[in-house]
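>>> attaching a predicted model along with its sequence, questions to come.
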Amino acid sequence: MPRKSTDEIKADILDSAAALFAQHGFANTSLQQIADSVRYSKAGVLRYFPSKDALYHAAVVAARDDAVALLARVESISTGSDRDKVAVEEAVDLTFARPGISAFSYSLIWSDHAGGPGELEEAGMAILSAFSIDPTQPDEERLVRVMSAMAGLMMSALVAVRLDLKREWRNFIVNAALNSLGHGTSV
């Protein structure tokens with residue numbers, strides 16, 4: 001097996017730490033738990049991230065960056081079912097690729113230690129924009145449909161990752177989210 005690159009090691013540490021932050025919260029997650037989850041020593045983790053706070057902030061930034069990347073992927077597509085389909089597919093694929101970051105971003109809705117409103121606000125605005133929602137005058141039904149679709153998508157995709165059923169469940173998850181958005185089955 002080839003050795004992992006520095007970027008791959010950092011990504012593994014970050015995703016594992018984010019999953020633990022999502023599950024236990026910042027205060028109840030130790031550096032030792034993070035190190036154990038990636039099979040490194042605490043010193044090994046600290047080689048890549050100088051502190052637990054730095055890891056937490058990096059997770060917040062990664063969650064924001066994922067939301068901004070999702071928006072960038074759909075910006076050129078006209079509002080409607082085609083745009084929603086691409087946004088949903090991107091969200092599923094991001095959750096499959098970075099399940100810890102995805103669980104963490106979902107948990108931030110309830111978190112008291114969010115790491116700064118700037119990144120979170122930007123992430124939220126990016127998601128709203130990806131689904132063509134005007135935050136100053138949102139259509140309440142559309143907003144609830146998007147929130148329901150994204151919550152269901154995230155939870156289903158995380159279960160698919162845990163059960164190693166990503167390939168088998170992907171289309172089911174996409175279809176369920178599109179149904180929540182009012183588009184019916186289209187994959």
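Received, thanks.
>>> what is the burial count for Gly184?
Using other Cβ atoms under 10 Å, Gly184 is surrounded by 9 other residues. Glycine gets a C-beta too; all of them are placed from N, C-alpha and C.
>>> that one: what secondary structure?
Classification of Gly184 using DSSP: H, G, I helix; E, B strand; the rest coil returns coil.
>>> and the next helix or strand past the least confident helix or strand in the chain by mean pLDDT?
Every helix and strand of the chain was ranked by mean pLDDT, DSSP states H and E. The lowest is helix 117-130, at a mean of 82. With elements assigned by DSSP states H and E, the helix or strand that comes after helix 117-130 is helix 140-162.
>>> what sits up against that next one?
Outside helix 140-162, the residues that touch it by Cβ atoms under 8 Å, 6 or more residues apart in numbering are 88, 91-92, 95-96, 99, 102-103, 106, 127-128, 131, 133, 165-166, 168-170, 172-174, 176-178, 180-182.
>>> cool, stretch 56-65 as well?
14, 17-18, 21, 26, 49, 98, 100-101, 104-105, 108, 113-116, 119-120, 122-123, 126.
>>> filter these down to the buried ones, ChimeraX style.
Of the contacts of stretch 56-65, the buried ones go into a single ChimeraX selection, burial set by 16 or more other Cβ atoms under 10 Å:
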select :14,17,18,21,26,49,98,100,101,104,105,108,114,115,119,120,122,123,126
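>>> ok, back up a step: just the buried members of the contacts of helix 140-162?
Neighbour counting over these (16+ other Cβ under 10 Å) leaves 88, 91-92, 95-96, 99, 102-103, 106, 127-128, 131, 133, 166, 169-170, 173-174, 176-178, 180-181 as the buried ones.
>>> let's see which of those end up in strands.
With DSSP state E as the criterion, strands contain none of these.
>>> for this protein, just list every one of the helices.
Under the criterion DSSP state H, helices of the chain are mapped to 6-24, 31-38, 42-48, 52-74, 81-97, 99-107, 117-130, 140-162, 166-180.
>>> let me know how buried Ala35 is, in neighbour terms.
Ala35 is flanked by 19 other residues according to other Cβ under 10 Å.
>>> residue contacts, it?
By Cβ under 8 Å, 6+ apart, the contact list for Ala35 reads 41-42, 44-45.
>>> which of the residues you listed ranks first by neighbour count?
Neighbour counts for those (other Cβ under 10 Å) peak at Val45, which has 25 neighbours.
>>> brilliant, that's me finished.
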